[in-house]
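Asker: please find the sequence and the predicted model below.
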Amino acid sequence: MVNDQRESGRRQVFSAIRKAGRVARVDLARETGISPATVTAITAELLREGLIEETGTPDRSDLRRGRPRVDLKVRGAAHVVAGMKLSHLAIATALIDFEGTMIAEHTCALDKSRHSAAELTALVERALDETLSKAGLSRDQLSGVGLGMSGVVDAMGGLVHWSPSVAERNVPLRDMLGARIDLPIFIDNDANLVAMAEQYFGHGRGVSDFIVVTIESGVGMGIVINNEVYRGARGCGAEFGHTKVQLDGALCRCGQRGCLEAYVADYALLREAATTTDFADITTSSAKLQALVEAARGGDTTAQMIFDRAGRMFAMGLANVVNIFDPQLIILSGERMQFDYLYADQVLDSIRRSIIQIDLPPPQIVIHKWGDLMWAKGAAAFAIDGVADIALQNFSGNAA
């Protein structure tokens, strides 16, 4: 019991330092609710183990009294981790130090979007080794690997229940990768990791309750409640793309009908457009979507109707999310943020009209056009969490 309390205290203090960037001991005590004496003991442990370091940030009032303020920060050189984002036709990898500074980045193209689990582990290993080679590093200099992917992922168990990228279901992908790469592996739904990236590096920094909605080849959502990513009891929560918006509606790639994704995602828009639009000379889905957007902007009635319906469905789904969670902030993120059909003024107005009306402003909605490498940075942030947990569990100190 005492050991559990010690470990919990260490985690609280380390997490608070990491989220703050730089922070004094007195502020740590106030932020965590842990006594100043215990904070001092815990930070002494963290300093001794090399996970954090002191940094002088002189405050003028302190200087007049001859006492320069000393802050604490995560020690970047303590560990290097890899974050990897498995997307439709690529694996993006980011190597970052323990403080979150980018060391190297690399994107490995894939020749197809769906793989067997065995194929996928080999591809992830190749992408990792190519990135390490680019940085002049070896695997033994790496402390852990985070992987983000779309689908239903049990982050605690390392199990991929279903993903559009994997041919099989209920795959123990974390264990398979760990056996092949021989490093601690941390796997989660990619939208959860975007939420984590926003929490540590983006618009969510300092915000206790916010939601990230990602729009790419599919639709995802990451939820942060009271500064923690919410995953649900089975690790299957926040599947915004698979909430139902139409009874017996369009077929979703998950196999069910009427999912939001089946009206908003790339494949859904192109499927609807295929009956009336000539894509004969266009080979990639991205180029086809670009052509459809340009057709709508050029006055093509059918293309405009496709995007109008997608916008209405998206607004209805997001308004329901706001009514359930009442977040401070909503971040719309992903590759499709380069197009405005999901955040045009009429879509945002529709969301605001459909949420519960009280005499307070609605949640702020911001657009963040992150690419795959920024998603990978979220996976790296998840790996830092995991590596820090391993390090804190191995402590032999005595801070209670």
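Answerer: Received the coordinates, thanks.
Asker: burial count for the residue nearest to residue 222 when sequence neighbours are not counted?
Answerer: The shortest distance from residue 222 to any non-neighbouring residue, by CB to CB, 6 or more residues apart in numbering, is to residue 195 (2.8 Å). For the C-beta atoms, the positions are set from N, CA and C on the backbone; glycine is no exception. Neighbourhood size, residue 195 [other CB atoms under 10 Å]: 31.
Asker: if I look at residue 195, how far off is residue 168?
Answerer: From residue 195 across to residue 168, the span is 27 Å (CB to CB, to the nearest Å).
Asker: same question, residue 45
Answerer: In terms of CB to CB, residue 45 sits 43 Å off from residue 168.
Asker: these two: which has the busier surroundings?
Answerer: Using other CB under 10 Å, the more surrounded residue of residue 45 and residue 168 is residue 45, with 21 against 14.
Asker: isn't there a helix covering the more buried one?
Answerer: Yes. Assigned with DSSP: H, G, I helix; E, B strand; the rest coil, residue 45 falls within a helix.
Asker: for burial, what's the neighbour tally of residue 84?
Answerer: The burial count for residue 84: 29, using other CB under 10 Å.
Asker: could I get the average pLDDT for the helix or strand where it lies?
Answerer: Take DSSP states H and E as the rule and residue 84 turns out to sit in strand 80-86. Per-residue pLDDT over strand 80-86 has a mean of 95.
Asker: that strand pairs with which strands?
Answerer: Sheet pairing for strand 80-86, assigned by DSSP bridges, gives strand 90-97 (antiparallel), strand 144-149 (parallel).
Asker: what does the last one contact?
Answerer: The contact list for strand 144-149 (CB atoms under 8 Å, 6 or more residues apart in numbering) reads 79, 81-86, 124, 128, 160, 163, 165-166, 173, 177, 181, 183-190, 192-194, 375-376, 378-384, 386-387, 390.
Asker: contacts for the next helix or strand after that strand?
Answerer: Next helix or strand after strand 144-149 toward the C-terminus (DSSP H and E): strand 152-154. The contact list for strand 152-154, computed with CB under 8 Å, 6+ apart, reads 159, 160, 161, 162, 163, 187, 188, 189, 234, 235, 236, 239.
Asker: now with 10 Å, please.
Answerer: Identification of contacts with strand 152-154 by CB atoms under 10 Å, 6 or more residues apart in numbering yields 147, 159-163, 169-174, 187-190, 192-193, 231-232, 234-237, 239, 242, 254.
Asker: got the phi and psi for the nearest residue to residue 54 once chain neighbours are set aside?
Answerer: Residue nearest to residue 54 in three dimensions, not counting chain neighbours: residue 70, with 5.3 Å by CB to CB, 6+ apart. Dihedral pair for residue 70: phi -120, psi 120, per degrees, to the nearest 10.
Asker: and what of residue 265?
Answerer: For residue 265, the backbone dihedrals (degrees, to the nearest 10) come out as phi -70, psi 160.
Asker: excluding chain neighbours, what is closest to it?
Answerer: Among residues not flanking residue 265 along the chain, residue 218 sits closest, at 5.1 Å (CB to CB, 6+ apart).
Asker: these two touch, right, the one you found and residue 261?
Answerer: Yes. The pair residue 218 and residue 261 qualifies as a contact (CB atoms under 10 Å) at a distance of 5.4 Å.
Asker: overlap of the contact sets of those two?
Answerer: 240, 241, 242, 252, 253, 254, 267, 268.
Asker: who wins for neighbours among those?
Answerer: Going by other CB under 10 Å, residue 240 tops the shared contacts of residue 218 and residue 261 with 27 neighbours.
Asker: and the strands in the stretch 201-350 of the chain?
Answerer: Under the criterion DSSP state E, counting those that start in this stretch, strands of the stretch 201-350 of the chain are mapped to 210-215, 219-225, 228-230, 329-333.
Asker: pick the most buried one from these.
Answerer: Per residue and on average, the most neighbours among the strands of the stretch 201-350 of the chain fall to strand 210-215, with a mean of 28 (mean count of other CB atoms under 10 Å).
Asker: so that one versus strand 219-225, what angle?
Answerer: 170 degrees (axes from the mean of the first three to the mean of the last three CA atoms, to 10 degrees).
Asker: dump the residue contacts of residue 241.
Answerer: The contact partners of residue 241, by CB under 10 Å, 6+ apart, come to 150, 191, 213-215, 218-221, 252-254, 259-262, 264-265, 317.
Asker: apply 6 Å and report the result again.
Answerer: Residue 241 makes contact with 218, 219, 260, 261, according to CB atoms under 6 Å, 6 or more residues apart in numbering.
Asker: now for the closest residue to residue 313 other than its chain neighbours, how many residues are close by?
Answerer: Nearest non-adjacent residue to residue 313, counting by CB to CB, 6+ apart: residue 263, 4.3 Å away. By other CB under 10 Å, the residues close to residue 263 number 25.
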